[in-house]
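> how would this look folded up:
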Amino acid sequence: MAYASSGRLGGGALVTGASRGLGLLIARELAKRGCGVMLCARNADELAAAKRMLRDEGAEVRSLACDITDEGVAGNLVRATEEAFGSLDVLVNNAGMIQVGPLAAMTEDDFRDAMETMYFAPLRLVLAALPGMRERGHGRIVTISSVGGRIAAPHLLPYVGAKFASAGLSEGLRAELAAEGVSVTTVFPGLMRTGSHTAARFSGRADREYAWFAAAAGLPVLSMDAERAARAIVRAAERRRPELVLTPVAKAAVRLHGLAPATTTRALSLAARLLPDSGAEPERNVPGRHAARSLGSAALDRLTALNDRAARRLNQRTG
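From the prediction side, this is the model:
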């Protein structure tokens, strides 16, 4: 069944990290609102599967497999989108990486990789997209940060550091570009059931790190249905909202941190003490799928059932 435009969005859209999870769902929602969508991701096989999925649903999509951390890629992506759809009207900086583990198990390269993926690559894409948006006098930029870009959770330091930076960039861009007709929306999602626990990388005691992260990411009370999150994100971009915080738990945490930062920090310090140490010989960057097999816990499998189903539905298990 072909998608029909609502008339409020349209033109060309570029979504990074669009082969799976939240990026795939955002691409679908943009297509439903009349956009032609350029999908971008590193893994060519996952990207081809995502494109087939959306085309079978009637979406107008193209794709380009690339690593957005390569410096020359941003201009190529913007040009490809403009050539395919006539213009680039919506840029969604969604691509990310999740590295889980204690600071003692992390290296400087982990922090650099996170910053390249979630700060510098989005910056380059914005700089490449802005000339066309300015010339047309309109455009929408969406930055997918995280509640971790407001509250620095332990055992996620490369991730939260990069998300803090991307949030600051996004909010500053909104202030500078508002007079030029370009709106910038910063999104702070809490935990969502996207199946990301299967693709995250775990260091230290990898199986124990996987256990707490996967359980939290899949619990209905703590996490949000990913389809509903994608609809809310695209609706916020459509309405040119400055900011969107997703999940009741994330909203409550952000408000508490704003009102009582010292209390929030003490709670996070307590949580850090309850999390696994790095171990005598820390493991490095173990994929979630491997950590799950190593752990082999039937009880955890039951806790992650909703998120495991999301992983299969959202192209997270094609590797």
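> Could you give the bridge partners of the closest residue to Glu60 other than its chain neighbours?
Leaving out its chain neighbours, the residue that sits closest to Glu60 by Cβ to Cβ, 6 or more residues apart in numbering is Gly36, at 4.4 Å. For every residue, glycine as well, the C-beta is placed using N, CA and C. Using DSSP bridges, the beta-bridge partners of Gly36 come out as Gly12.
> which ones are touching Gly36?
Listed by Cβ atoms under 8 Å, 6 or more residues apart in numbering, the contact set of Gly36 reads Gly11, Gly12, Ala13, Glu60, Val61, Arg62, Ala84, Phe85.
> go with 7 Å
Gly12, Glu60, Ala84, Phe85 (Cβ atoms under 7 Å, 6 or more residues apart in numbering).
> Kindly report the same for Arg241.
The contact partners of Arg241, taken as Cβ under 7 Å, 6+ apart, are Thr185.
> please renumber so the chain begins at 16
Understood, numbering begins at 16; the last thing we discussed is Arg256.
> Check it and give its pLDDT.
Looking at Arg256, its pLDDT stands at 97.
> Which element, helix or strand, includes it?
Assigned by DSSP states H and E, Arg256 falls within no helix or strand.
> how about the CA coordinates for stretch 75-85, as CSV?
Extracted C-alpha coordinates of stretch 75-85, given in CSV (Å, rounded to 0.1, in the frame of the first residue of the first chain):
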residue,chain,number,x,y,z
GLU,A,75,10.1,6.4,-2.0
VAL,A,76,13.6,5.6,-0.8
ARG,A,77,17.2,5.5,-1.9
SER,A,78,20.2,4.3,0.0
LEU,A,79,23.9,4.9,0.3
ALA,A,80,26.2,2.7,2.3
CYS,A,81,29.0,4.7,3.9
ASP,A,82,30.8,5.5,7.1
ILE,A,83,29.7,9.0,8.2
THR,A,84,32.9,9.4,10.2
ASP,A,85,34.8,9.6,6.9
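> hmm, who's touching that stretch?
With contact meaning Cβ under 7 Å, 6+ apart, stretch 75-85 is reached by 31, 46, 51-57, 59, 62, 66, 69-70, 88, 92, 95, 99, 110, 131-132, 136.
> What is the neighbour count of Pro297?
Residues near Pro297, counting by other Cβ atoms under 10 Å, number 16.
> Tell me the spacing between the residue nearest to Glu75 and Ala194.
28 Å (Cβ to Cβ, to the nearest Å).
> State which strand of this protein is the longest.
Longest strand in the chain by number of residues (criterion: DSSP state E): strand 197-204.
> Show me what the helix or strand just after that one pairs with in its sheet, parallel or antiparallel.
Toward the C-terminus, strand 197-204 is succeeded by strand 207-208 as the next helix or strand (DSSP H and E). As defined by DSSP bridges, the strand partners of strand 207-208 come to strand 239-240 (parallel).
> Now the strand it pairs with: average pLDDT?
Strand 239-240 carries an average pLDDT of 91.
> Which ChimeraX command selects the buried ones in the contacts of stretch 75-85?
The ChimeraX selection below is limited to those of these classed as buried (16 or more other Cβ atoms under 10 Å):
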select :31,46,51,52,53,54,55,56,57,62,66,69,88,92,95,99,110,131,132,136
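> What about the contacts of stretch 75-85, which are in helices?
Among these, the ones falling in helices (DSSP state H) are Ala46, Ala59, Leu62, Lys66, Leu69, Arg70, Val88, Leu92, Ala95, Ala99, Ala136.
> Would you format those residues as CSV with pLDDT included?
Shown next, in CSV, are those (pLDDT from 0 to 100):
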residue, pLDDT
Ala46, 97
Ala59, 96
Leu62, 96
Lys66, 97
Leu69, 97
Arg70, 97
Val88, 97
Leu92, 98
Ala95, 98
Ala99, 97
Ala136, 98
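> Need the max-distance pair from those residues.
Farthest pair in the ones in helices among the contacts of stretch 75-85 (Cβ to Cβ) is Arg70 and Ala136. Separation: 26.1 Å.
> For Ala286, state which of the ones in helices among the contacts of stretch 75-85 is nearest.
Distances from Ala286 to the ones in helices among the contacts of stretch 75-85, taken by Cβ to Cβ, are shortest for Ala136, at 30.1 Å.
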